[in-house]
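Participant: below is the structure, and that's it, no one-letter string:
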C-alpha cells in the first residue's frame, strides 16, 4: 500500500468533521501508513478535543502517497497525491457546476454514504466511479441506556440552525400538538447560534425569539461533545429530525443506535437505514430549494419539505402510543448496530487498493 493522506475539517462540532474523525480512526486500524491533514473550516475551534491517535498522524506523509479528502470539491485541484479520492455528500437533487467539473477533472473515484447521493451525482453527469460506502455509528458513545425519571415527556431535535433541517416546521407542529399540555417539552439543540447581522441564505434568524410564549420549548446553542449529545439523546423519549434532505443523516442513526423512537421525513440519504419498519415517517412535499443551498446555488435543485400538519399528528401519536411503539425502537437498534465505521473504512480501502 502507498501512503494515504486524509484531508478535511476535524476540530469542529459539525457532522462532516465528525465523519472525518471517526473515519480516520477506523482507517488507521487497517492501513499501516495513514496520515491526516487538518483544514480550517466551518466552526473550526483550535480547542475542540481531537483524539490523541489523530494528533499523532497529523503530518505530511513521505512520497509517494494517495489523497482521500472530505472537502469543498474545487479544492481537489490543490491536492498533491498520485491519486485523489473524494468523500462526498449531497443534499439536493442538483449539483453546483463547479462541483461537477472538479470531480470529473480531479477525482479518481468518489465515496458517498447513500444511494441518494450516488443517484444525484450520476444524474448530474459526474462520470467517475462512485461507490456507496455507508457511514457508521460509534456504539461506544451511542448505545442504549436508561434515561431516568423526569417530569416531562421530551422530544429532542439535534441539528444546525438551517431551514433544511426543518426546525421551523417542528416548532409549529409542536405548538399545534401540545399548546396547553405542560408535561411535554421540545428540546432543540443547535450546533451554533447564527450571527444575526451576517446571516447566510440558509440560516434561520431569531430562533430564540420564535419560542416566545412557549415555556415548553428549550433552545440550546452551546457547544457539546459527542458524549454530551448522547447524554441529551438518553434524556429524551423521541428524537425528531424533520429534514428537507440528508446526504446520510448521522444524528438519526445515532438516535436509532440508542434505541430511541425517531420521527423523520426519510426520503433522501436516510433511506439507507430508516424506513417505516423502524421510524415514524413524516409526509413531505417536493419544492425548489435554490435559495437554501450552501455556498453556491444548484440550478433546478429540489428537496422535500415536511408537512407541518402530519408532523403534528405524529408528535401526538408518538406521545400517546409511546409504549405501543416499542418494536420500532427495537428494529431501529437492530438496524443501527450493523452500521460501523470499521465497515466504512474497510469498504473504502477495498476500492482504493
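Facilitator: Okay, I see it. Computed from a prediction, not measured in an experiment: that's the story for all the values here.
Participant: all strands of the stretch 151-300 of the chain, in order?
Facilitator: Per DSSP state E, counting those that start in this stretch, the stretch 151-300 of the chain carries strands over the ranges 153-159, 184-190, 217-220, 238-241, 261-264, 280-281, 284-288.
Participant: now residue 84. Nearest residue, chain neighbours left out?
Facilitator: The spatially closest residue to residue 84, leaving aside those adjacent along the chain, is residue 67, at 4.7 Å (Cβ to Cβ, 6 or more residues apart in numbering). The way it works is simple: take the backbone N, C-alpha and C, and place the C-beta from them, glycine included.
Participant: now do residue 253
Facilitator: Leaving aside its sequence neighbours, residue 253 sits nearest to residue 137 (Cβ to Cβ, 6+ apart; 5.0 Å).
Participant: the one you found: neighbouring residues, count only.
Facilitator: 24 (other Cβ atoms under 10 Å).
Participant: re the thing from before, would you reformat the strands of the stretch 151-300 of the chain as JSON lines and include mean pLDDT and distance to residue 338?
Facilitator: As requested, these are exported to JSON lines (pLDDT from 0 to 100; distance: least, Cβ to Cβ, whole Å):
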{"stretch": "strand 153-159", "mean pLDDT": "97", "distance to residue 338": "22"}
{"stretch": "strand 184-190", "mean pLDDT": "96", "distance to residue 338": "26"}
{"stretch": "strand 217-220", "mean pLDDT": "94", "distance to residue 338": "31"}
{"stretch": "strand 238-241", "mean pLDDT": "98", "distance to residue 338": "19"}
{"stretch": "strand 261-264", "mean pLDDT": "98", "distance to residue 338": "16"}
{"stretch": "strand 280-281", "mean pLDDT": "98", "distance to residue 338": "20"}
{"stretch": "strand 284-288", "mean pLDDT": "95", "distance to residue 338": "26"}
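Participant: what's the closest of those strands to residue 333?
Facilitator: Proximity to residue 333, assessed across the strands of the stretch 151-300 of the chain by Cβ to Cβ, is greatest for strand 261-264 (10.8 Å).
Participant: distance between the closest one and the chain's centre?
Facilitator: For strand 261-264, the separation from the chain centroid amounts to 15 Å (computed by Cα atoms, centre = their mean, to the nearest Å).
Participant: do you know which of the strands of the stretch 151-300 of the chain lies nearest residue 324?
Facilitator: strand 261-264 (10.7 Å).
Participant: what's that closest one packed up against?
Facilitator: If contacts are counted by 3 or more Cβ pairs under 8 Å, 6 or more residues apart in numbering; DSSP states H and E, strand 261-264 sits against strand 238-241, helix 250-257, strand 280-281, helix 308-320, helix 326-336.
Participant: coming back round to it: and the residue nearest to residue 253, how close does it get to residue 69?
Facilitator: Distance, residue 137 to residue 69, using Cβ to Cβ, to the nearest Å: 22 Å.
Participant: returning to what we had before: looking at the strands of the stretch 151-300 of the chain, which is nearest to residue 87?
Facilitator: Closest among these, using Cβ to Cβ: strand 153-159, at 20.7 Å.
Participant: sorry, back to before: my read is that the residue nearest to residue 253 contacts residue 254, right?
Facilitator: Yes. At 5.6 Å, residue 137 and residue 254 qualify as touching, with contact defined as Cβ atoms under 8 Å.
Participant: now for these two: what residues contact both?
Facilitator: Taking Cβ atoms under 8 Å, 6 or more residues apart in numbering as the contact rule, residue 137 and residue 254 both touch residue 336.
Participant: now the lengthiest helix in the chain: buried residues?
Facilitator: Ordering each helix of the chain by length in residues (DSSP state H) puts helix 15-30 first. Neighbour counts over helix 15-30 (16 or more other Cβ atoms under 10 Å) mark 15-28 as buried.
Participant: likewise for stretch 29-39?
Facilitator: Neighbour-count burial for stretch 29-39 [16+ other Cβ under 10 Å]: 31, 34-39.
Participant: any regions of this structure where pLDDT drops low?
Facilitator: 148-149, 212-213, 295-296 (pLDDT under 70).
Participant: can you give me the helices in it?
Facilitator: Counting by DSSP H, the helices of the chain are 15-30, 52-56, 97-106, 115-123, 167-177, 226-234, 250-257, 308-320, 326-336, 341-352.
Participant: who wins for proximity to residue 279 among the ones you listed?
Facilitator: helix 326-336 (6.5 Å).
Participant: from the contact counts, what lies against that closest one?
Facilitator: On a contact count with 3+ Cβ pairs under 8 Å, 6+ apart, helix 326-336 meets helix 250-257, strand 261-264.
Participant: chain center to the first one, what's the gap?
Facilitator: It refers to helix 250-257. With Cα atoms, centre = their mean as the basis, the mean position of helix 250-257 lies at 9 Å from the chain mean.
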